[in-house]
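Novice: Could you look at this predicted model? Sequence included:
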Amino acid sequence: REKFVAFARRRGAEGEALWAELDEEARERERRDHGEADARCARHAASVAAGVELRVVHRLDYETSGLVIFAKTREAAAALCEAFRERTVSKRYVALVAGRFSARSGVWTWAIAKDADREDGTPRYKVDDDSGKPSRTEWTVLGVEADDVTRLELRPQTGRSHQLRVHCAHSGHPILGDPLYSHG
């Protein structure tokens, strides 16, 4: 029997009705089964199409496309959550960022802290070495797409909210089209 399933999630509004329904179901199941303060990866979701109870193992930012993994059993959810917690799951992202890099690869280790929320309530984060949590992102230049656009591979070694977006912006190379951290 299959233990998990992965769905490709498109960025932005396309497909958001399904994700909103899954998220609402996840919040309700978490409140009922685990209480409000339970860890994010213990959240549950129901598959709208198949009627199969699924457990959300991790999340992607709204603006991010990629694979989202759902566990089909409690045991699989526990094992996958442990793998994410222990960082045995490697994550790789590709982004188009502003500017060119002088080096071909590197590591960003800036600490990340919560910043003031925007007027619409959207959370923001910032680099703050005094109050932030340790964060580490490895990066490699994959190529130059245009005069002032670089294709970058990003490999987060920690899992802070908005980590890649904050690190790219702080480096002076914001992710193109990012509504929170790309200014201009």
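Specialist: Ah, there it is.
Novice: can we go C-alpha only for contacts and neighbour counts from here?
Specialist: Noted.
Novice: where does the chain dip in pLDDT?
Specialist: 1, 9-52, 61-63, 184 (pLDDT under 70).
Novice: In it, which residue is most central in space?
Specialist: Leu60 (3.6 Å; Cα atoms, centre = their mean).
Novice: Tell me who's in contact with that one.
Specialist: Neighbouring residues of Leu60 by Cα atoms under 8 Å, 6 or more residues apart in numbering: 66, 68.
Novice: again, but for Ile69
Specialist: Contacts of Ile69 (Cα under 8 Å, 6+ apart): 4-7, 56-58.
Novice: Spell out for me the ChimeraX command that would select the buried members of those.
Specialist: Selection of buried members from the contacts of Ile69 for ChimeraX, criterion 16 or more other Cα atoms under 10 Å:
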select :4,56,57,58
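Novice: want to throw the contacts of Ile69 into CSV with secondary structure?
Specialist: Listed next are the contacts of Ile69 as CSV, based on DSSP: H, G, I helix; E, B strand; the rest coil:
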residue, secondary structure
Phe4, strand
Val5, strand
Ala6, strand
Phe7, strand
Val56, strand
Val57, coil
His58, coil
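Novice: In the sheet, which strands lie alongside the lengthiest strand in the chain, parallel or antiparallel?
Specialist: Counting residues, the longest strand found in the chain (DSSP state E) is strand 137-146. Paired neighbours of strand 137-146 in the sheet (DSSP bridges): strand 105-108 (antiparallel), strand 149-156 (antiparallel).
Novice: residues of that strand that come out buried?
Specialist: 137-141, 144.
Novice: One more: stretch 78-91?
Specialist: Neighbour counts over stretch 78-91 (16+ other Cα under 10 Å) mark 78, 80-81, 84 as buried.
Novice: Make CSV from those residues and add secondary structure and distance to Leu180 to it.
Specialist: Shown next, in CSV, are those (DSSP: H, G, I helix; E, B strand; the rest coil; distance: Cα to Cα, whole Å):
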residue, secondary structure, distance to Leu180
Ala78, helix, 33
Leu80, helix, 30
Cys81, helix, 28
Phe84, helix, 26
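Novice: Reduced to three states, what does Ala79 come out as?
Specialist: Under three-state DSSP, Ala79 comes out as helix.
Novice: I should have written Ala83 there, sorry.
Specialist: helix.
Novice: and it, what does it touch?
Specialist: Taking Cα under 8 Å, 6+ apart, we find Ala83 in contact with Val89.
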